[in-house]
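J.: Here is my input, please return the structure:
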Amino acid sequence: MLGLASVGRLSIVFFDIVGSLSKFFVQSVLSCLAPPFFARQFGRQLWRIGYNSLPVVGLTALFTGSALALQIYIGGSRFNAEGIVANIVALGITRELGPVLAGLMVAGRVGAAIAAEIGTMRVTEQIDALVTLSTSPFKYLVAPRILAATICLPLLVGIADIIGIFGGYLVGTRSLGFNSAVYLKNTMDFIQVDDVRSGLIKAAVFGFIIALMGCYHGYHSAGGAQGVGRATTNAVVSASMLILASNYFLTSLFFGT
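T.: As a prediction, the model looks like this:
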């Protein structure tokens, strides 16, 4: 009986979370599609989410592309297939590593910041003050962040793709002895538009997930500073898990047989 009771309680909690998140998702999407729009808030979030994330995303992509080139060269040398380095670096960065790593880094940086900011506004009753002033919290707080993240992530991933491939190029030509012209030709001949497009679509989905999780956990935080801390942690963990899960399903959708 105790086991069944525990299962029942867990089921109630699970469906309560699913229902709350689904309701928040619908309200967020509707707030993004209908006026009024707060252009100043949107512009501020574009700067904070997009421009301020460039250094961490760029460095992550550079070192990932460099390490990937080394690993592929070591593995390929066992089968006398060192020439595949340029091809696999370009494919791995554009399809998977670029969007996923950029998404995870932005989730850690931006998702936590969104949850902390909105969570602090919740526990200090600033959100209640917005409602008192007849301003929708979803219009003023949630919609600008979701729109900005959904737009910025593909741009960040596009830059990360270029930097990651450049990192592989540096290692391939400076450390592994590849001819510069041949390396670039192999990269350009192998990469296809669908590879880049799929990564950018993934990035848009990841950006939406990051902002949604940050806003959701911040909006529902309670319990003072400890509640804000829990909301920040939950936002990063849930966004990271959803990024990895959605990456699998999107990859199956784009490239599954």
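
J.: So what's the gap between stretch 66-80 and the chain middle?
T.: Its chain's average C-alpha position is 28 Å from that of stretch 66-80, according to C-alpha atoms, centre = their mean, to the nearest Å.

J.: and if you look at stretch 117-129?
T.: How far stretch 117-129 lies from its chain's middle: 25 Å, per C-alpha atoms, centre = their mean.

J.: and the residue nearest to the spatial centre of the chain, what pLDDT?
T.: Note on the chain: the residue nearest the mean C-alpha position is Gly103, at 2.5 Å, using C-alpha atoms, centre = their mean. pLDDT, Gly103: 93.

J.: Identify the residues contacting it.
T.: Neighbour list for Gly103: 153, 202-203, 206-207, 209-210, 243 [criterion: C-beta atoms under 8 Å, 6 or more residues apart in numbering]. Where C-beta positions appear, they are placed from N, C-alpha and C, glycine not excepted.

J.: okay if I get those as JSON lines plus pLDDT and secondary structure?
T.: Output for those, formatted as JSON lines (pLDDT from 0 to 100; DSSP: H, G, I helix; E, B strand; the rest coil):
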{"residue": "Leu153", "pLDDT": "95", "secondary structure": "helix"}
{"residue": "Lys202", "pLDDT": "95", "secondary structure": "helix"}
{"residue": "Ala203", "pLDDT": "95", "secondary structure": "helix"}
{"residue": "Phe206", "pLDDT": "96", "secondary structure": "helix"}
{"residue": "Gly207", "pLDDT": "94", "secondary structure": "helix"}
{"residue": "Ile209", "pLDDT": "95", "secondary structure": "helix"}
{"residue": "Ile210", "pLDDT": "95", "secondary structure": "helix"}
{"residue": "Ile243", "pLDDT": "95", "secondary structure": "helix"}
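
J.: Compare these and tell me which is most surrounded.
T.: Ile210 (34 neighbours; other C-beta atoms under 10 Å).

J.: Could you tell me how many residues sit around the closest residue in space to Val131 that isn't next to it in sequence?
T.: Spatially, and ignoring its direct neighbours in sequence, Val131 is nearest to Pro137 (6.7 Å; C-beta to C-beta, 6 or more residues apart in numbering). With neighbours defined by other C-beta under 10 Å, the count for Pro137 comes to 21.

J.: Same check on Thr173?
T.: Neighbour tally, Thr173, other C-beta under 10 Å: 18.

J.: Skipping adjacent residues, who's closest to it in space?
T.: Once flanking residues are discounted, Thr173 sits nearest to Ser180: 4.9 Å by C-beta to C-beta, 6+ apart.

J.: Now do the one you found against Ala86, distance only.
T.: 11 Å (C-beta to C-beta, to the nearest Å).

J.: higher neighbour count, those two?
T.: Legend: neighbour count by other C-beta under 10 Å for Ser180 and Ala86, higher for Ala86 (26 against 11).

J.: mind listing what's buried in the strand or helix carrying that one?
T.: Using DSSP states H and E, Ala86 maps to helix 85-92. Going by neighbour count (16 or more other C-beta atoms under 10 Å), the buried part of helix 85-92 is 85-86, 88-92.

J.: can you check stretch 232-246 too?
T.: If you call a residue buried by 16+ other C-beta under 10 Å, then stretch 232-246 has these buried ones: 232, 234-236, 238-240, 242-243, 246.

J.: Same check on stretch 74-86?
T.: Using 16+ other C-beta under 10 Å as the test for burial, stretch 74-86 gives 82, 84-86.

J.: And for stretch 180-191?
T.: Buried residues in stretch 180-191, counted by 16+ other C-beta under 10 Å: 183-184, 186-187, 191.
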